[in-house]
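**Student:** Sequence first, predicted coordinates after that:
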Amino acid sequence: MTLERWNPFAEMRRMDEALNRIWHGGASGVETDIPWAAPVDVVRDGDDIIVRASLPGVEVENIDVTVEGEALTIKAQSAASSESGGDGYLLKERRTGSFHRSLALPESVDFGNAESSYKDGVLTVKLPKRESAKSRRLEVVAS
């Protein structure tokens, strides 16, 4: 079991998404093609910051990762499913359309050496710490 700090804004976002599904999707619960924030995990791994974003059903050529100032922005587009013609859905929960997420990152990140990879629907962005921002050990000299 993982303990997480309660975030009232996350709860409000979930409620807003639920209301959008009702209002924009009609009584059947069919969701329209509205943009939404891709879920991410941000982890510190030694001197690196690792950002993992879930982008299910997205082709790698439809992913755009940019760094502007001190913000990392992930944008993606997934094609609408053509498995079923018409509005015959009884329940539609899989997301399609535009995905986006923007994260503010610390000044200590070396954006010039950032790396990204995409595998099995998960985008991984590795952001190393700048050399000048890394801590270093100073030798103590007796006087």
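**Tutor:** Structure received.
**Student:** Show me where the protein has its helices.
**Tutor:** For the chain, the helices defined by DSSP state H cover 8-25.
**Student:** In the protein, where is pLDDT below threshold?
**Tutor:** Across the chain, the ranges flagged by pLDDT under 70 are 1-3, 21, 23-36, 80-87, 132-136.
**Student:** could you redo the last one with a cut-off of 90?
**Tutor:** Within the chain, the segments meeting pLDDT under 90 span 1-39, 46-47, 55-58, 67-72, 77-114, 129-143.
**Student:** ok, which stretches of it are strands?
**Tutor:** Along the chain, the segments classed as strands by DSSP state E run 36-37, 40-45, 48-54, 63-68, 71-78, 97-104, 115-119, 122-128.
**Student:** how about Val60, what does it touch?
**Tutor:** Each residue near Val60 by C-beta atoms under 8 Å, 6 or more residues apart in numbering is listed here: Tyr118. Heads up, the C-betas are built off the backbone N, CA and C, glycines and all.
**Student:** now do Leu105
**Tutor:** Neighbouring residues of Leu105 by C-beta under 8 Å, 6+ apart: 49, 70-72, 127.
**Student:** what's the spacing between it and Ser116?
**Tutor:** For Leu105, the distance to Ser116 (C-beta to C-beta, to the nearest Å) stands at 14 Å.
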